[in-house]
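Asker: below are the sequence and a predicted model; questions follow.
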Amino acid sequence: MARGSSGIVAGLTAAALVAVGFLAYQASANAPDSVAVPKPEASSSAPAVGHDKPKDKERPTALPAESGTGARVVYALGDRRVWLVDARGKVTRTFAVMPSALSPRPGVYQVGSRSGSIKGSDGVLIEHVVRFAMADGDVPVGFSAAQDGSMESPDPTLKTGGVRMKRADGDAMWRFATVGAKVVVVP
């Protein structure tokens, strides 16, 4: 009888180990960013972000670790990427953007105004304008999509603040970032 019960105990132990392993895997796959391994922070004395493409073309699209909590738009200057994050902290969409000639400083902002369709400061017809910051003292900075679908590099001689995105991404931004929504700009 001892031999039979030891087989049952061994079987139950093995099943328990498999269950624990599976649960540990699930927990790690669904861990919130707040418990993820932090990324190294950029130096606060880093030079201003240029408009060159990121040097590492294999750069991951994971949400930056130091981007806050709750519902927010995250704009990573160096990655030239935006994340739309819901109230649970889950990324609902991420996409590449073309930075404006002037960029806001890293920090936390709020959407202050929006416009459905206007002419941009560079003369391009744009839609779904979501303004959230000021740069260089008097230049409004906001996300927008060119109505012709273009995402050209900005003219560095113009003081513009339009962060351009594809039209489908602009539609998603428009639905997500209403007046008062949080925008977090990271280096």
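Answerer: Arrived safely, thanks for sending.
Asker: list the contacts for W174?
Answerer: W174 makes contacts with R114, H128, V130, as judged by CB atoms under 8 Å, 6 or more residues apart in numbering. In this view, the C-beta of every residue, glycine as well, is placed from N, C-alpha and C.
Asker: which among the residues you listed gets closest to G142?
Answerer: Closest approach between these and G142, by CB to CB: V130, at 5.3 Å.
Asker: for the protein, which spans come out with low pLDDT?
Answerer: Filtered on pLDDT under 70, the chain yields the residue ranges 1-60.
Asker: just the helices in it please.
Answerer: 2-29, 167-176 (DSSP state H).
Asker: next one: phi and psi at the residue lying closest to V141 once chain neighbours are set aside?
Answerer: Counting by CB to CB, 6 or more residues apart in numbering, V141 lies nearest to G161, which is 3.7 Å off, once chain neighbours are set aside. In this entry, G161 is assigned phi and psi values of phi -130, psi 20 (degrees, to the nearest 10).
Asker: coming back round to it: turn the contacts of W174 into TSV, including distance to R88 and neighbour count.
Answerer: Supplementary listing: the contacts of W174 in TSV, determined by distance: CB to CB, whole Å; neighbours: other CB atoms under 10 Å:
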residue	distance to R88	neighbour count
R114	24	19
H128	24	23
V130	22	23
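Asker: and these as TSV, adding distance to A101?
Answerer: Converted to TSV, those look like this (distance: CB to CB, whole Å):
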residue	distance to A101
R114	21
H128	20
V130	18
